[in-house]
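A.B. asks: below: sequence and its predicted model.
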Amino acid sequence: MNWQMVITRNRDALQRIVALLFAMARIVESGTAALTSPASGRGGPQDRRGAVTLPRHLYTAIMLILRPAESAIRRLILIAAQGLALKPRASRPMPTDLPAFSAAGAQKTPAFCLFDPLKHFDHEDFDHSIDAIPTNSFSSSYDEDSTAAPQRVPSQDEPIDAASLFLRLRALRHALSDLPRQARRLARWQQRRDVLLQRKDQFRPIRISPFRPGPPPGYRKRTLHAVDDILRDCHYFAREAMNAPNSS
């Protein structure tokens with residue numbers, strides 16, 4: 001299997017996806033993130049409290065592409081990490097002249113998360129049986145004289161806090177621009193995992209795979225965007241790489 005061809009093809013496609021996401025968010029990185037309003041043409045990403053925001057419809061559209069793009073890059077990193085030989089790190093003394101804190105206002109690109117978010121099941125929702133529900137709850141809920149306030153339908157132009165979304169976009173672009181470094185990060189994790197699995201001491205739960213069982217996050221059966229086909233391709237070849245004879 002020509003893994004380098006798989007990596008190059010999907011990396012180039014994902015770079016176009018990331019460029020599209022930044023264009024959708026209309027980010028101008030000049031120290032701070034700026035958003036250009038399509039109506040006024042002026043930069044205005046911050047509300048009166050100084051929070052970075054996006055309109056709800058734009059935030060939703062970006063998230064529909066961002067989640068499968070993140071999953072695809074995780075699988076591309078795993079393909080690049082297969083068979084990677086790591087050199088032992090030399091121990092170095094901790095420097096003593098480091099500042100106690102970072103400079104105020106300095107923006108750091110967060111590390112890209114190499115692991116799929118796990119599915120969480122809240123068991124507390126299932127601890128209460130139906131017998132605990134009052135017998136007259138159904139009749140009172142649909143009483144014609146009910147004075148319950150109608151639920152507010154959110155506006156599509158309502159501003160949404162997008163600070164975490166911008167950080168995820170920056171981490172995504174940074175990881176894609178330096179796949180070998182991300183592959184070394186994952187290979188080091190795999191190395192630590194193997195050491196823990198070989199220990200004979202008391203068992204403690206650890207993560208075995210960077211992927212969660214079942215379909216990857218952001219997977220859709222019906223193709224809505226080009227990123228869906230990229231995710232399917234990366235997921236297939238990542239599974240092939242994990243089952244390869246020379247996989248670590």
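C.D. replies: All right, it came through fine.

A.B. asks: A strand includes residue 115, no?
C.D. replies: No. With DSSP: H, G, I helix; E, B strand; the rest coil as the criterion, residue 115 is coil rather than part of a strand.

A.B. asks: tell me the contacts of it?
C.D. replies: Shown in contact with residue 115 (CB atoms under 8 Å, 6 or more residues apart in numbering): 74, 207, 210, 211. Glycine gets a C-beta too; all of them are placed from N, C-alpha and C.

A.B. asks: that one and residue 53, how far apart?
C.D. replies: 29 Å (CB to CB, to the nearest Å).

A.B. asks: got the phi and psi for residue 2?
C.D. replies: phi -90, psi 90 (degrees, to the nearest 10).

A.B. asks: could you list the buried residues of the lengthiest helix in the chain?
C.D. replies: Secondary structure assigned by DSSP state H gives helix 56-81 as the longest helix of the chain. Across helix 56-81, burial judged by 16 or more other CB atoms under 10 Å covers 58-59, 61-62, 65-81.

A.B. asks: try stretch 158-168
C.D. replies: 159, 160, 162, 165, 166, 167, 168.

A.B. asks: cool, stretch 16-29 as well?
C.D. replies: Neighbour-count burial for stretch 16-29 [16+ other CB under 10 Å]: 17, 18, 20, 21, 22, 24, 25, 26, 27.

A.B. asks: avg pLDDT for it?
C.D. replies: For stretch 16-29, mean pLDDT is 82.

A.B. asks: and what of stretch 227-242?
C.D. replies: 95.

A.B. asks: one more: stretch 203-214?
C.D. replies: Rounded mean pLDDT across stretch 203-214 is 87.

A.B. asks: now do that stretch: everything it contacts.
C.D. replies: 74-75, 78, 114-119, 186, 189, 193, 196-197, 238, 242.

A.B. asks: lowest-confidence entry in the residues you listed?
C.D. replies: Out of the contacts of stretch 203-214, that is residue 119, at 78.

A.B. asks: in what helix or strand does that residue lie?
C.D. replies: For residue 119, there is no enclosing helix or strand under DSSP states H and E.

A.B. asks: likewise residue 54?
C.D. replies: strand 53-55.

A.B. asks: sheet partners, orientation included, of that strand?
C.D. replies: Applying DSSP bridges, strand 53-55 is found paired with strand 159-161 (antiparallel).

A.B. asks: elements contacting the next helix-or-strand element following the partner strand?
C.D. replies: Downstream of strand 159-161, the first helix or strand assigned by DSSP H and E is helix 163-177. Using 3 or more CB pairs under 8 Å, 6 or more residues apart in numbering; DSSP states H and E, the elements in contact with helix 163-177 are helix 3-25, helix 56-81.

A.B. asks: kindly export helix 163-177 (C-alpha atoms) in PDB.
C.D. replies: Taking Å, rounded to 0.1, in the frame of the first residue of the first chain, the C-alpha atoms of helix 163-177 are listed here in PDB:
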ATOM      1  CA  ALA A 163     -14.100  31.800  20.700                       C
ATOM      2  CA  SER A 164     -13.700  28.000  21.000                       C
ATOM      3  CA  LEU A 165     -14.500  27.500  17.300                       C
ATOM      4  CA  PHE A 166     -11.700  29.900  16.300                       C
ATOM      5  CA  LEU A 167      -9.300  27.900  18.500                       C
ATOM      6  CA  ARG A 168     -10.300  24.700  16.900                       C
ATOM      7  CA  LEU A 169      -9.800  26.100  13.400                       C
ATOM      8  CA  ARG A 170      -6.300  27.300  14.300                       C
ATOM      9  CA  ALA A 171      -5.400  23.900  15.800                       C
ATOM     10  CA  LEU A 172      -6.800  22.200  12.700                       C
ATOM     11  CA  ARG A 173      -4.700  24.300  10.300                       C
ATOM     12  CA  HIS A 174      -1.600  23.900  12.400                       C
ATOM     13  CA  ALA A 175      -1.900  20.100  12.600                       C
ATOM     14  CA  LEU A 176      -2.500  19.800   8.900                       C
ATOM     15  CA  SER A 177       0.600  22.000   8.100                       C
END
